[in-house]
Every structure is written in structure tokens, then in C-alpha cells.
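Trainee: Below: sequence and its predicted model.
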Amino acid sequence: MAVIGWILFGLVVGIVAKFLMPGRDPGGFIITTVIGIVGALIGGFLGRALGFYGPNQAAGFIMSVLGAIVLLALYRAVAGSRMRSV
């Protein structure tokens, strides 16, 4: 059940990250959602590992959104440069 919770949480984080970073994404909605899930996991893990917050604190959402935004920016940079070279 926890995995489904992380997937739903990542979906929300992906949508928020997409809202905060508008523009065209090379992969569309599904890829943005997957990036949100991965960003939520990475951002949440790093935030707790660095001691920014404990379990079930609101700062976890902020770190997850930041992680998703960073991954989305990296994805746009890599996929965008690949699209331009073709």
C-alpha cells in the first residue's frame, strides 16, 4: 500500500512541478508524471537524510517538488539537446 501512496504522491508532485515549470516537455504528461514520482522519492530521501525534516512533515512535500523540478529541468536539457542534434 505504501508504494501506491508514493505513486499517487509523485503524481501530485509531478503536476505541481509541471505547473511551476511551464513549457513544452519532450515526453509529455506520462514522462512528466514519472519524473514527478522519481523526484518525490529522491527529494524526500535527501531531505530526510540531510535532517531537514522527519517523517510526515510538510517540508517533505516541498523537497519532493524541488527534486521533481530539478529532474524536469535536467530532462529538458538532455532531451532538448538530443532533439536539436537530430
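Mentor: The structure has been received and is ready for your questions.
Trainee: pLDDT on the strand or helix carrying residue 71, on average?
Mentor: Residue 71 belongs to helix 59-85 when elements are defined using DSSP states H and E. For helix 59-85, the mean pLDDT works out to 78.
Trainee: in it, what's buried?
Mentor: Of the residues in helix 59-85, those with enough neighbours to count as buried (16 or more other Cβ atoms under 10 Å) are 60-61, 63-69, 71-72, 75-76. C-beta: built from backbone N, CA, C; applies to glycine.
Trainee: so can I have CSV of the residues you listed showing distance to residue 37?
Mentor: Conversion of the buried residues of helix 59-85 to CSV gives the following (distance: Cβ to Cβ, whole Å):
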residue, distance to residue 37
60, 14
61, 14
63, 14
64, 10
65, 12
66, 15
67, 10
68, 8
69, 14
71, 10
72, 12
75, 13
76, 17
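Trainee: picking that back up, tell me how far the helix holding residue 71 lies from the chain's centre.
Mentor: When C-alpha coordinates are averaged (Cα atoms, centre = their mean, to the nearest Å), helix 59-85 and its chain have centres 7 Å apart.
Trainee: I'd like the numbering to begin with 22 instead of 1 from here.
Mentor: That works, and once the first residue is 22, the last one we named lands at helix 80-106.
Trainee: For it, name the packing helices and strands.
Mentor: Contact analysis of helix 80-106 by 3 or more Cβ pairs under 8 Å, 6 or more residues apart in numbering; DSSP states H and E lists helix 23-41, helix 49-70 as its packing neighbours.
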